[in-house]
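Peer 1: sharing a model prediction with you, sequence too.
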Amino acid sequence: MKKACLTIFLLSLLSIRGFGQEKKGFSLEEAITYAIENNYAAMGASMDVKAAIQKKWETTATGLPQISGSVDYRNNLKQQVTLFDVNGDGIDEPFTFGTKQTMTVFGTVDQIIFDGSYLVGLQSAITFLNISKQTKEKTDLDVRENVIQAYGNALLTDENIKILENNKNSAEQTLNETQAMFEQGLAEEESVEQLQITLSTLENSLNRTRRLQDIAYKMLNLTLGLDIETLIELTDNLDALTIQDMMYDTEGKTFDLENNIDFKIAKTNTRSQELLLKLEKSRALPTLNASLNGGTTANSDSFTFLSSGNGQRWFASSLFNLSLKVPLFSSLERSAKTKQARIALMQAQTQQKETEQRIRLNYETAKTDFQFSVETFQTSKKNLNLAERIEHKNQIKFKEGIASSFELTEAQRQLYTAQQNYLQAMIDVINKKAALETIVNK
């Protein structure tokens, strides 16, 4: 019986999520570094860069010598018969020409001498690689901002649980004391009921926040690229991160538009449209290609091609070819495509100007939002200190019978609101700074 109970106990422990699992510890910077390497989107962007590098070489290789070889074997199972008047008497005699079997070994070298589209293609391949690298850079910035938000949200739930547990313990103590006073006829029943409502509300908030904590940590795991059930420990705390971010100097820094990733992408897009226009223009240029081939052929009535010492003869041949192609008239098709490419370039240039203005506006907005979040945090901190003192005074007054339960409840409600505002102000400072750094591409 004891062994069965012990077995059940051990199985119960093993069924607990994370039992025996080692926690992974992350500071915020460690979490960012880990996510840039392991986040699913970041890994996908890294593979796109690798694919673009191979695409660049593929384009380059098309203009390099292309060598191919072939082996051709023919066996005339039933040779064709030709009728021929040998004697001149009007009677055709049947003849077969050639041998029954033939083998040819052939090699060819092709080389582009001049092709305008190939030269543009090389430039386009480099631009495509730059686009992939810039996409990776933007993805990393987005991952960084997402990690900061997810990390902050997880810390927020941790701090909120601590506050709610303290509030719950305080409310329980006050309720027990008031219940005892009511039983002695020194307090009204309404005071007990009012405190019971407060305690019940705190318990509901605490249970909800604990569930949100589980979701917040799973969301952080997903952002990091971990299994969502992985147990992690956050080594930074909300207060320290907030104070650190508040020291960010927005006035002492000059915004460099060239560093913004969206502006880089807009410029690259304009460059790609320039190349497309250049490509359409290059189609009016002549192309010059060269090829050199050579081979050897053997004929036999039986398969003796691979045998040595049988007197099999091989006959070599070779050919050099130079091909010049000059476009003369395309019924204005090339002209229409060139005009379309020029219009697309003008659109890209317009979009680049619009992007520049939008980025400048976003920077000013982000800087204002960050400054406002710092001011809001400072105000929330002062309000929290005031709310704590007011609630403490009302606790004393209530115990001494000077303040009513309604006044105490109002003071507690005011304190709870101030606590939530303070927590939200901290997370806003962290998130607004992250958004500002994303724009300046730090």
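Peer 2: That came through fine.
Peer 1: which stretches of the stretch 151-300 of the chain form helices?
Peer 2: For the stretch 151-300 of the chain, the helices identified by DSSP state H, counting those that start in this stretch occupy 189-224, 238-246, 261-282, in order along the chain.
Peer 1: for residue 110, what are its contacts?
Peer 2: Shown in contact with residue 110 (CB atoms under 8 Å, 6 or more residues apart in numbering): 65, 66, 68, 289, 290, 291. The C-beta positions use only the backbone N, C-alpha and C, and glycine is treated the same way.
Peer 1: please redo it, this time with the cut-off set to 6 Å
Peer 2: The neighbourhood of residue 110, defined by CB atoms under 6 Å, 6 or more residues apart in numbering, consists of 66, 291.
Peer 1: where does it land in three-state SS?
Peer 2: Local secondary structure at residue 110 is given as strand here, using DSSP: H, G, I helix; E, B strand; the rest coil.
Peer 1: what sits up against stretch 381-400?
Peer 2: Residues from elsewhere that reach stretch 381-400, judged by CB under 6 Å, 6+ apart: 403, 407, 408, 411, 412, 414, 415, 418, 422.
Peer 1: could you say which helix or strand holds the third one?
Peer 2: Yep, that's residue 408 we're talking about. The secondary structure element spanning residue 408 is helix 405-440 (assigned by DSSP states H and E).
Peer 1: list the buried residues in that helix.
Peer 2: Using 16 or more other CB atoms under 10 Å as the burial criterion, the residues of helix 405-440 that qualify are 405, 408-409, 411-412, 414-416, 418-440.
Peer 1: okay, now residue 247: neighbour count?
Peer 2: Look at residue 247: counted by other CB atoms under 10 Å, it has 8 neighbours.
Peer 1: pLDDT score for it?
Peer 2: According to the model's per-residue confidence, residue 247 sits at a pLDDT of 88.
Peer 1: quick revisit: return the most buried member of the helices of the stretch 151-300 of the chain.
Peer 2: Mean neighbour count, computed with mean count of other CB atoms under 10 Å, is highest for helix 261-282 among the helices of the stretch 151-300 of the chain, reaching a mean of 19.
Peer 1: let's have the contacts of stretch 381-400 in TSV, adding pLDDT and distance to residue 190.
Peer 2: Compiled in TSV, the contacts of stretch 381-400 are given as follows (pLDDT from 0 to 100; distance: CB to CB, whole Å):
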residue	pLDDT	distance to residue 190
403	87	14
407	91	13
408	91	12
411	94	17
412	94	16
414	96	20
415	96	21
418	97	26
422	97	31
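Peer 1: so where is the stretch 1-150 of the chain shaky, pLDDT-wise?
Peer 2: Low-confidence regions of the stretch 1-150 of the chain, defined here as pLDDT under 70, cover residues 1-21, 85-86, 95.
Peer 1: now stretch 388-405, how far from the centre of its chain.
Peer 2: 54 Å (CA atoms, centre = their mean, to the nearest Å).
Peer 1: please point out which parts of that stretch sit buried.
Peer 2: 390, 391, 394, 395, 398, 403, 404, 405.
Peer 1: what's near enough to touch the spatially closest residue to the third one that is not a sequence neighbour?
Peer 2: Pointing back at residue 394 there. Nearest residue to residue 394 in three dimensions, chain neighbours excluded: residue 411, at 3.9 Å (CB to CB, 6 or more residues apart in numbering). In this structure, residue 411 makes contact with 390, 391, 394, judged by CB under 6 Å, 6+ apart.
Peer 1: tilt between the helix or strand hosting the first one and helix 261-282?
Peer 2: What it means is residue 390. Remark: residue 390 resides in helix 333-399, with elements defined by DSSP H and E. Here helix 333-399 points in a direction 170 degrees away from that of helix 261-282 (axes from the mean of the first three to the mean of the last three CA atoms, to 10 degrees).
Peer 1: what about residue 305, how many neighbours?
Peer 2: Residue 305 has 17 neighbours, counted by other CB under 10 Å.
Peer 1: could you pull out the strands for the stretch 1-150 of the chain?
Peer 2: Under the criterion DSSP state E, counting those that start in this stretch, strands of the stretch 1-150 of the chain are mapped to 24-26, 66-75, 82-84, 93-95, 101-114.
Peer 1: format those as TSV; extra columns: distance to residue 302.
Peer 2: What follows is the strands of the stretch 1-150 of the chain, written out as TSV (distance: least, CB to CB, whole Å):
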stretch	distance to residue 302
strand 24-26	74
strand 66-75	10
strand 82-84	22
strand 93-95	20
strand 101-114	7
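Peer 1: those: which one's closest to residue 215?
Peer 2: Proximity of these to residue 215 was assessed by CB to CB; the nearest stretch is strand 24-26, lying at 17.8 Å.
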